[in-house]
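# got a predicted structure plus its sequence, pasted below:
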Amino acid sequence: MSSHSAITYTPRLCDNETITNKLIYQIRQQQVSASHMDRLQARCRSELHELRQELNSLLNELRNQLASDEAEQASPQQKQSAA
């Protein structure tokens with residue numbers, strides 16, 4: 001597997017349960033202005049996009065690793081059948 005992962009850590013709203021719970025409470029209590037909700041929605045959309053990109057990168061890394069493993073396993077079998 002690659003020694004460099006596709007994931008780069010960035011602080012997200014969901015990374016801190018306290019902040020998430022505080023935001024949920026403030027929203028339920030209607031303590032968040034419309035402009036703040038708009039910024040929050042944009043941030044969540046951006047974070048979701050980043051998470052999807054990271055997931056796609058991880059899935060590609062996994063597919064590449066599986067293909068490499070399958071190629072390595074097939075190579076000895078091809079040599080044995082040729083002999």
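Sure, I can see it. Keep in mind that what you see is a predicted model, and the values were worked out from it rather than measured. Numbering: from 1, shown residues only.

# buried residues, stretch 52-68. List them.
Within stretch 52-68, the residues that qualify as buried are residue 61, counting by 16 or more other CB atoms under 10 Å. In this view, the C-beta of every residue, glycine as well, is placed from N, C-alpha and C.

# kindly report the same for stretch 22-32.
Burial within stretch 22-32, assessed by neighbour count using 16+ other CB under 10 Å, is assigned to residue 23.

# quick one: contacts of that stretch?
Stretch 22-32 has contacts (CB atoms under 8 Å, 6 or more residues apart in numbering) with 13, 37, 40.

# sticking with the residue lying closest to the second one once chain neighbours are set aside, tell me its helix or strand.
Going back to what we said before, that points to residue 37. In space, and not counting its chain neighbours, residue 37 is closest to residue 27: 7.6 Å by CB to CB, 6 or more residues apart in numbering. Using DSSP states H and E, residue 27 sits within helix 17-28.

# what's downstream of that helix, the next helix or strand?
Following helix 17-28 in sequence order, the next helix or strand is helix 34-82 (DSSP H and E).

# got the angle between that next one and helix 17-28?
Per axes from the mean of the first three to the mean of the last three CA atoms, to 10 degrees, the angle that helix 34-82 makes with helix 17-28 is 130 degrees.

# for helix 34-82, what is the average pLDDT?
The average of the pLDDT scores along helix 34-82 is 88.

# distance from it to the middle of the chain?
8 Å (CA atoms, centre = their mean, to the nearest Å).

# okay, residue 71 and residue 34: tell me how far apart.
55 Å (CB to CB, to the nearest Å).

# kindly report the same for residue 67.
Distance of residue 67 to residue 34, given as CB to CB: 49 Å.

# residue 75 now?
Going from residue 75 to residue 34 by CB to CB gives 62 Å.

# which one's more surrounded, the two?
residue 75 (10 against 7; other CB atoms under 10 Å).

# for that one, give me its contacts.
Taking CB under 8 Å, 6+ apart, we find residue 75 in contact with no residue.
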